[in-house]
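Sequence below, structure please.
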Amino acid sequence: MGKRLLLVDDEPFNLELLTELLQDAGYDTVQAEDGETAWQILQQEGETFSAVLLDKMMPGISGFELLRRMKSSARLAFVPAIMQTAVGAAASVQEGLSSGAFYYLTKPFSRDMLLAVVAAASVHWDRHQHFKELASQQAGALRHMNSASFCFGNLLEAQHVTSLLAKASPEPEKVATGLFELIVNAIEHGNLEVSYEEKTRLQSQECWESELEQRLADPVLGRRRVWVDMAREAGCLRFTIRDEGRGFDWQNFQDSAPDALLASHGRGILIARKLSFDLVEYQGCGNVVVATTLLPAQ
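Numbers count the residues shown, from 1 in each chain. Sure, this is the predicted structure:
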């Protein structure tokens, strides 16, 4: 079964264009011509969609208001929303970000950019669903875990560690989504030294996966490790992630700039800060990050 997408736009031509391009690429699509209809659909079957494509300006419930409703719902908060915006509309991007939109399409957009952004959003939803399924296994016992420490080197090992550590939280799928993003950054951008610009280029050339394999096989880069420590402290869980890379200018990534949000990747820190943790702090040169989630009062 293909991935399902909800397309929301009050312009019939835009809906038809999006539908044609996305169905040709193998997606199942559902159309909504206004925010009210979209909200009704989301309330009934929101978790079946891999992403929602929104037009920001619509009569009645606007795209921004629909976003706010999604992010205020525990069931829908992690469903990725892709906002359509005009070229150079930085203010619009910032407004959408405050409402919870981490993915953008600038009009007019190309087929390749549309598919790249939709694919990126779908990957994040797939990860969230994957960790949600794992969260139900042995979660009760693991919530009594007070500390843990792991050392590993690749993304498959990162998934295993993430799914286990997240079960120490009352909301494991929420924590897992952001924790995995931070660990992926530590492996890819830290240990394997892939820059943001390089990843953009490699993805556009469709050789990203092969480049990762090559770097993991490198006799120097491939031997680097990531350490993840979890500690249960008074009223919170604290996760410390450390890699062996040279670090990065983390101050520039505390809040994603509008231009960065128009790309097909680079939202890991943002997702961790806005959706998964109450506090995310980088230290030193940027190869150590501490993520904290508050626990409910006993």
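
tell me how far stretch 114-129 is from the chain's mean position?
Relative to its chain's centre, stretch 114-129 lies at 8 Å (CA atoms, centre = their mean, to the nearest Å).

Tell me the spacing between the most centrally placed residue in the chain and Pro80.
A centroid search over the chain (CA atoms, centre = their mean) returns His124, at 4.6 Å, as the residue closest to the centre. Per CB to CB, to the nearest Å, His124 is found 6 Å from Pro80. From N, CA and C alone the C-beta is placed, and that goes for glycine too.

Give the rounded mean pLDDT of stretch 177-190.
Along stretch 177-190, the predicted local confidence has a mean pLDDT of 94.

Quick one: the strands in the chain, in order.
Ranges of strands within the chain are 4-8, 28-32, 51-55, 81-86, 103-107, 147-152, 226-233, 236-242, 279-283, 288-294, based on DSSP state E.

could I get those strands as TSV with mean pLDDT?
Formatted as TSV, the strands of the chain follow (pLDDT from 0 to 100):
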stretch	mean pLDDT
strand 4-8	95
strand 28-32	95
strand 51-55	92
strand 81-86	82
strand 103-107	81
strand 147-152	96
strand 226-233	96
strand 236-242	97
strand 279-283	94
strand 288-294	96
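
and Gly35, what is it in contact with?
Listed by CB atoms under 8 Å, 6 or more residues apart in numbering, the contact set of Gly35 reads Val8, Met58, Gly60, Ile61, Ser62, Gly63, Glu65, Leu66.

and the residues you listed as a markdown table, adding distance to Gln214 and neighbour count?
A markdown table is the format used below for those (distance: CB to CB, whole Å; neighbours: other CB atoms under 10 Å):
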| residue | distance to Gln214 | neighbour count |
| --- | --- | --- |
| Val8 | 41 | 28 |
| Met58 | 46 | 22 |
| Gly60 | 51 | 13 |
| Ile61 | 48 | 17 |
| Ser62 | 46 | 17 |
| Gly63 | 41 | 28 |
| Glu65 | 46 | 15 |
| Leu66 | 42 | 26 |
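
Leu42 contacts Thr48, correct?
No. Using CB atoms under 8 Å, Leu42 makes no contact with Thr48, being 9.9 Å away.

So for Glu211, which of the strands of the chain sits nearest?
Of all these, it is strand 226-233 that lies closest to Glu211, at 18.6 Å by CB to CB.

Which positions within the closest one qualify as buried?
Residues of strand 226-233 classed as buried by neighbour count (16 or more other CB atoms under 10 Å): Val226, Val228, Asp229, Met230, Arg232.

Thought Leu216 was touching Gly222, still the case?
Yes. Judged on CB under 8 Å, Gly222 makes contact with Leu216 at a distance of 4.8 Å.

in the stretch 101-250 of the chain, which spans are helices?
Using DSSP state H, counting those that start in this stretch, the helices of the stretch 101-250 of the chain run over 111-135, 139-142, 155-166, 172-185, 196-204, 208-216.
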